[in-house]
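Asks: Whatever this is, show me its structure:
(chains A, B and C)
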Amino acid sequence: MDSRMQTYIDRLNQLDFHKMYEGDFFLTWEKTDEEIEAVFTVADALRAMRENNISTRIFDSGLGISLFRDNSTRTRFSFASACNLLGLEVQDLDEGKSQIAHGETIRETANMISFMADVIGIRDDMYIGKGNKYMHDVVDAVTDGHRQGVLEQKPTLVNLQCDIDHPTQCMADMLHVIHEFGGVENLKGKKIAMTWAYSPSYGKPLSVPQGVIGLMTRFGMDVVLAHPEGYEVMPEVEEVARANAGKSGGRFSKTHSMAEAFRDADIVYPKSWAPFAAMEKRTDLYGKGDTDGIRALEKELLAQNAQHKDWCCTEELMATTRGGKALYLHCLPADISGISCEEGEVAASVFDRYRTPLYKEASFKPYIIAAMIFLAKVKNPQATLKELEEKGNVRFHG
Amino acid sequence: MDSRMQTYIDRLNQLDFHKMYEGDFFLTWEKTDEEIEAVFTVADALRAMRENNISTRIFDSGLGISLFRDNSTRTRFSFASACNLLGLEVQDLDEGKSQIAHGETIRETANMISFMADVIGIRDDMYIGKGNKYMHDVVDAVTDGHRQGVLEQKPTLVNLQCDIDHPTQCMADMLHVIHEFGGVENLKGKKIAMTWAYSPSYGKPLSVPQGVIGLMTRFGMDVVLAHPEGYEVMPEVEEVARANAGKSGGRFSKTHSMAEAFRDADIVYPKSWAPFAAMEKRTDLYGKGDTDGIRALEKELLAQNAQHKDWCCTEELMATTRGGKALYLHCLPADISGISCEEGEVAASVFDRYRTPLYKEASFKPYIIAAMIFLAKVKNPQATLKELEEKGNVRFHG
Amino acid sequence: MDSRMQTYIDRLNQLDFHKMYEGDFFLTWEKTDEEIEAVFTVADALRAMRENNISTRIFDSGLGISLFRDNSTRTRFSFASACNLLGLEVQDLDEGKSQIAHGETIRETANMISFMADVIGIRDDMYIGKGNKYMHDVVDAVTDGHRQGVLEQKPTLVNLQCDIDHPTQCMADMLHVIHEFGGVENLKGKKIAMTWAYSPSYGKPLSVPQGVIGLMTRFGMDVVLAHPEGYEVMPEVEEVARANAGKSGGRFSKTHSMAEAFRDADIVYPKSWAPFAAMEKRTDLYGKGDTDGIRALEKELLAQNAQHKDWCCTEELMATTRGGKALYLHCLPADISGISCEEGEVAASVFDRYRTPLYKEASFKPYIIAAMIFLAKVKNPQATLKELEEKGNVRFHG
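Replies: Take a look at the predicted model:
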């Protein structure tokens, strides 16, 4: 056996993740540290097998349903790639917004699309208090459908971004960090700056900064959340970050200075988002169908944003990081000054220097998703990984 | 071998369905009783194998083409599930309406999409006299293409709903009834009420009521078709129902009273549809591009509907059925009073009580479609089923 | 082994096509004669195997990405069929036009969709100087991504139509011609007329006439390009045609008379296209966002077209071809006089007589695409073909 594979299997043997079996993946902080590590380990194992041209198909047939309530290229292709890697065919559900008006239809639709669904991936990040709830409604519906004998299997849910967290993104970010630093054991005390950055657009979701502080505080790092006044994230998630930091021997702090956050940082994640309070207000306005109110809010937010154009990841700021060489992270696409917009989140020269690491960061997402599915579906992951490796069916014959 | 599988194979050995091989599925009443029973039997066999985690892939590669001229979630996913179950990849043909203006293009398009198509599933239920005809045109085109050496195989057509029949829906309904009553032999003399019901929407297709009376009259049941005056279905299909009833020793009758239909019924199927005459008129108006005429007709029909709001499946009506416990059927989605509309086809409490059976009813559709494909493609279905079972390749490995 | 398969393998053994391995397919004239013949040979071999129900899956999993910047049914289904035949699942990228504004995004998007992509098929034929360039940008991006360790594999590009060439179409046309004439050795001196024809529509791409003269001049044929004055194709491609003809011992000539082109022709390919100069002008106008200018140009072109309604493939013209029986080619759909338009490219009776050959012509396209992928991916095509044939896994079991 490939020696890497033995290492992964040995590691899994030391971890307790039995509760993931037949489970779902909503928020990273609902999972134990060992469960999170199991996802990273299986992701690495699946990637190692693909690199060695070994098939990781565990499904001979079956569907992976994707439900995007938002345009998406990256996450859509990551989900499709993950499903395909395991042998599932993707079917997109294009759900008209009107059809989701009441719980009745969610329950029904969830069952109607799931007769042969092994996985459902949902992205629903637009409205505060809605996306994560919707995912739970879907899971409740299919769990009941399976119990009642309607569905031969309970599809597992993968949260592809909700109003609270973006677990597949942040875990891909984190696995990238682990690889860049040569192992999770090297992260203790490292400073990571999750900072707001200016973008000419309006209303970017909170799920990335929230997901980052909710996850990265678990590894003993010094996590700094930086944003202008008025750009607060959900207080509950800050609470999660604080508790995580306490438990992991790390630190979670906040600042209103980008410079302070960047100073001596080992990792920086400068990215725009909309203030939580504004997102809540917008959700209310949508609920009331108040388009004038929405337009007014949008105008107000753009004006507010425009006061903070100095929040940009410049060369000057990068120079203040640890050795001037902090690892730059972004979920992509970034707003690049002079390239995709006049003034944006990051200077073109900075972005360009980090292009390859950024693409590598993104390359972990399909494997993270596949690992989440694998751990929810496979009863004995170590045995199945070993069997796949030893059988050694080729992925590509030629 | 699983003892159920042996039973299914034994049953198939007693049936003559050899004409289904290399055939198509348009209307249930074009098939013999034994052919219909073969579909039910294969559907049950495929389901039993999936429940036992045995792969039913008979295709290593190949395409299933879906062509929906109407929005669809349920039927689309059922077709995708059936194809996937057998090993076919679904490709959707999004045909602009203008492209289908003349026979020329149907013939050409049908061939152009079929080079590697094993199945074509079509839903075309909007216009009287058009949908079924279109399906025949497609079949004629690909039959000729195959004969001429253009196509390596003749794809089999599955009617996913036309202007006349909805065979995959009604056969799923029927298989559900058979299971609920513990076998087709227990249906003799059972009363089923296929009744119109009020819905605030306009122009629901006739294919379900027509499909139901055209199919369910074949099993010796007492089939009652109920609707307000003016809501007639196609007279040819009533003729089919009458002839079926005569042959099967059952009964087919009509009434203009929902109460009469429900009285002592064992099964009820209350559902809205548009009058046949109005649908014909609408088809003509569309043909002439008379949008004013269409708008006027729509208004007229909604007013006509509104006179029959009392046609609702209430608790009071359900109480008058056999033991107050008739099996409630619906093709979904239903118009539920107070939930999806103010006044609709069914009371919320009735719908809610039957939710699980309704979802089970729907769960048969993918297997019915797969069985139709299986019987059209596989030369010796019993031998192939036996081989799949004995080989016992797992569908899901883990 | 099937004796045809042995013939194909023997033929491949005589050809040098090792540079196709890990390569891409942009333009036919960038490939050597032996490489072109290798594509034809593998296409025939794959078709022979499918006819014998032998699986040609070389991928156990993997994605084929399709990116169409233009509506397409035929090419889309051909690409999907080719991918499916080899075991790849198709994922469509629906790229909003705004997203492709600058090189930045092409590079990023190309990597983001390619983590598990073995093939990318692109159709981008709308703007002169853009489509082929875009394909190169995509290939450069994924080549770099693979080199940097972002992508586990470099996806191979298949040009599904660009502003310069339509290689999958023209090679399918050519393979059809080879089969109709009983072998490439019978084509020496045969006259083929690639002629403009009138269509009431505006702005049809140049890639077909250019692809045809760029490819068919390689086989010692007498290739005549005919069009009204002002309908020139790209001069660079005419240069390619002239050079090819010189090398192959054939002829390439031009005329402004359809009658002259048809006289004694063995093959005719009458088809509308827009003048190169006008297409260039249109590209500029689009670039400037000058919609008035575009509208004016369109009007002007339609008026110009209307002066040449006599450029129609009539029975009279067909009668002047070799024995009155030239092989009629078209990439479909054709503008048929009296059927799809009042006056068009071809008389209805001519089109109708050639319907079956036309469909056969189209039927080669999926195999051409599959062969291009096969030769780019498989290290030793002869060995792999032999192995597939000898293993003899069935494509369809039943």
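Asks: ok, residue A:27 touching residue A:214?
Replies: Yes - here residue A:27 reaches residue A:214: they are 7.3 Å apart, a contact under Cβ atoms under 8 Å. Bear in mind the C-beta positions are built from the backbone N, C-alpha and C, glycine included.
Asks: neighbour-wise, which of these two wins?
Replies: Neighbours per residue, other Cβ atoms under 10 Å in any protein chain shown: of residue A:27 and residue A:214, the larger number sits with residue A:214, 29 against 20.
Asks: Now for the more buried one: which residues touch it?
Replies: Taking Cβ atoms under 8 Å, 6 or more residues apart in numbering or on different chains as the contact definition, residue A:214 lies against A:27-29, A:165, A:170, A:237, A:240-241, A:244.
Asks: Can you tell me which of these is nearest chain B?
Replies: The closest of these to chain B turns out to be residue A:28 (Cβ to the nearest Cβ; 23.5 Å).
Asks: So which residues on the stretch 1-150 of chain A come close to chain B?
Replies: For the stretch 1-150 of chain A, the residues in contact with chain B under the definition Cβ under 8 Å from any Cβ of the partner chain are A:57-63, A:89, A:91, A:93, A:95, A:102, A:104-105, A:107-109, A:111-113, A:115-116, A:118, A:145, A:148-150.
Asks: Tell me which of the residues you listed fall in strands.
Replies: The strands, defined by DSSP state E, take in A:63, A:89, A:91, A:118 from the residues of the stretch 1-150 of chain A next to chain B.
Asks: Nearest to residue A:279, out of these: which one, please.
Replies: residue A:91 (30.6 Å; Cβ to Cβ).
Asks: In strands, which of the contacts of residue A:214 appear?
Replies: For the contacts of residue A:214, secondary structure assignment (DSSP E) places none in strands.
Asks: Can you give me the distance of the residue nearest to residue A:346 when sequence neighbours are not counted to chain B?
Replies: Counting by Cβ to Cβ, 6 or more residues apart in numbering or on different chains, the nearest residue to residue A:346 once its immediate chain neighbours are dropped is residue A:313, at 4.1 Å. According to Cβ to the nearest Cβ, to the nearest Å, residue A:313 and chain B sit 42 Å apart.
Asks: returning to that earlier point: go through the contacts of residue A:214 and name the one nearest chain C.
Replies: Among those, and counting by Cβ to the nearest Cβ, the member closest to chain C is residue A:170, at 17.2 Å.
Asks: Which part of chain A gets nearest to chain B, residue-wise?
Replies: Ranked by Cβ to the nearest Cβ, the top residue of chain A for proximity to chain B is residue A:378, at 3.6 Å.
Asks: That residue contacts residue A:384, correct?
Replies: Yes - between residue A:378 and residue A:384 there is a contact under Cβ under 8 Å: 4.9 Å.
Asks: Can you pull the residues that touch both of those two?
Replies: Listed contacts common to residue A:378 and residue A:384 are A:58, B:398; contacts here mean Cβ under 8 Å, 6+ apart.
Asks: Near chain B, which residues of the stretch 251-398 of chain A are found?
Replies: A:374, A:377-381, A:384.
Asks: now these: which count as buried?
Replies: Judged by neighbour count, with 16 or more other Cβ atoms under 10 Å in any protein chain shown as the criterion, the buried members of those are A:374, A:377-378, A:381, A:384.
Asks: if I've got this straight, residue A:229 is in a helix?
Replies: No - when DSSP: H, G, I helix; E, B strand; the rest coil is applied, residue A:229 is found to be coil, with no helix at that position.
Asks: Next step: the residues of the stretch 1-150 of chain A next to chain B restricted to helices.
Replies: Secondary-structure check on the residues of the stretch 1-150 of chain A next to chain B using DSSP state H: residues within helices are A:104-105, A:107-109, A:111-112, A:145.
Asks: neighbour-wise, which of those leads?
Replies: In terms of neighbours by other Cβ under 10 Å, those top out with residue A:111 at 27 neighbours.
Asks: Which residue is the nearest non-sequential neighbour of that one?
Replies: Counting by Cβ to Cβ, 6+ apart, residue A:111 lies nearest to residue A:145, which is 4.3 Å off, once chain neighbours are set aside.
Asks: Could you do residue A:266 as well?
Replies: residue A:190 (4.2 Å).
Asks: and what of residue A:170?
Replies: residue A:211 (3.7 Å).
Asks: Same question for residue A:127.
Replies: In space, not counting the residues next to it along the chain, residue A:127 is nearest to residue A:283; the distance is 4.4 Å by Cβ to Cβ, 6+ apart.
Asks: Give the full set of residues in contact with residue A:282.
Replies: The neighbours of residue A:282, taking Cβ under 8 Å, 6+ apart as the test, are A:127-128, A:203, A:274, A:294, A:297.
Asks: Need these in CSV (columns: pLDDT, secondary structure and neighbour count).
Replies: Supplementary listing: the contacts of residue A:282 in CSV, determined by pLDDT from 0 to 100; DSSP: H, G, I helix; E, B strand; the rest coil; neighbours: other Cβ atoms under 10 Å in any protein chain shown:
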residue, pLDDT, secondary structure, neighbour count
A:127, 86, coil, 20
A:128, 88, coil, 21
A:203, 83, coil, 19
A:274, 93, coil, 22
A:294, 91, helix, 17
A:297, 92, helix, 20
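Asks: Closest one to chain C out of those residues, please.
Replies: Closest approach to chain C among the contacts of residue A:282 (Cβ to the nearest Cβ): residue A:203, at 17.8 Å.
Asks: pretty sure the closest one is touching residue A:301, no?
Replies: Yes - in this structure, residue A:203 sits in contact with residue A:301. The criterion is Cβ under 8 Å, and the distance is 6.9 Å.
Asks: which residues do the two both contact?
Replies: Counting by Cβ under 8 Å, 6+ apart, the residues touching both residue A:203 and residue A:301 are A:274, A:278.
Asks: Report how many residues lie close to residue A:293.
Replies: If you count neighbours by other Cβ under 10 Å, residue A:293 ends up with 15.
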